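In: Fold the following and give me the result.
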Amino acid sequence: MNNEKNNIQGLQVNPLQGSPVPPLAGTVLVAGYDSRDGSLRVLNLASLVEALQQAEALHTEDRVDERDKASLTILAGTAVDSVKTATLEVPTGEVWYLNRLNLVTPAGVVANVMVSKFPKTEGIEKAYLAADQAAASDTDYDLAAAGQLGADLRLVGGDKLTIRAKVTAAPVADVAVALTPFGRKARKLV
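Out: Residues are numbered from 1 along each chain as shown. Here you go, the predicted model:
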């Protein structure tokens, strides 16, 4: 009688000779055991990270709203063409999924929003808006809408939203510029 169990051998690979799985440029591979057929399946790590980010977005822990805003005050008599900034930083250990930004600019001040996560252009932070928001405006930007990002903006601890305001007419009284993000705080998995 032929004993088939004795004929089964483990995969014999010398690490110096190479791997039975061909390397994929720029890709990290992870393997998992498939209990349905007893095989070892190779998974792309990027796919696993993407799945974890989707799961992460479903675990809402709190809201991002008026409590989490950035504002700056431009004093009366500030010179024309002066630029002022204020920054809102995502706390360490948190992840935010933003679906809307509200930017309020007073008369005589134009503003834009810088997102630290966006790629820099020649070492300079890239503005979210193609052109500065006009003076005396209160505008909501629906990030998931067509013509915007098309999805929620994911920011992790240390990422920053910065208001960059430019004075176009010297204010006669103190004025404020405000940026209010809206969305949710989620459980960080990745």
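In: quick one: the strands in the chain?
Out: 29-34, 39-44, 60-64, 70-74, 83-89, 95-105, 109-115, 137-142, 153-156, 160-167, 175-186 (DSSP state E).
In: Dump the ones you listed to JSON lines, plus distance to Glu50.
Out: Glycine gets a C-beta too; all of them are placed from N, C-alpha and C. Listed next are the strands of the chain as JSON lines, based on distance: least, CB to CB, whole Å:
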{"stretch": "strand 29-34", "distance to Glu50": "13"}
{"stretch": "strand 39-44", "distance to Glu50": "9"}
{"stretch": "strand 60-64", "distance to Glu50": "19"}
{"stretch": "strand 70-74", "distance to Glu50": "30"}
{"stretch": "strand 83-89", "distance to Glu50": "26"}
{"stretch": "strand 95-105", "distance to Glu50": "15"}
{"stretch": "strand 109-115", "distance to Glu50": "21"}
{"stretch": "strand 137-142", "distance to Glu50": "24"}
{"stretch": "strand 153-156", "distance to Glu50": "12"}
{"stretch": "strand 160-167", "distance to Glu50": "24"}
{"stretch": "strand 175-186", "distance to Glu50": "15"}
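In: mind checking which of those is nearest Lys126?
Out: The minimum distance between Lys126 and those falls on strand 109-115, with 7.2 Å, by CB to CB.
In: Remind me what that closest one packs against, helices and strands.
Out: Judged by 3 or more CB pairs under 8 Å, 6 or more residues apart in numbering; DSSP states H and E, the packing partners of strand 109-115 are strand 95-105, strand 160-167, strand 175-186.
In: Residues contacting it, please?
Out: 74, 101, 103, 105, 125-129, 132-135, 153, 155, 159-168, 171, 175, 177, 179 (CB atoms under 8 Å, 6 or more residues apart in numbering).
In: Quick check: mean pLDDT of it?
Out: For strand 109-115, mean pLDDT rounds to 97.
In: CA atoms of that strand as CSV?
Out: The C-alpha trace of strand 109-115 is given here as CSV (Å, rounded to 0.1, in the frame of the first residue of the first chain):
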residue,chain,number,x,y,z
VAL,A,109,-9.4,90.0,2.4
VAL,A,110,-9.0,87.1,0.0
ALA,A,111,-8.0,83.6,1.2
ASN,A,112,-7.1,80.1,0.2
VAL,A,113,-6.6,76.8,2.0
MET,A,114,-3.3,74.9,2.0
VAL,A,115,-3.3,71.1,2.6
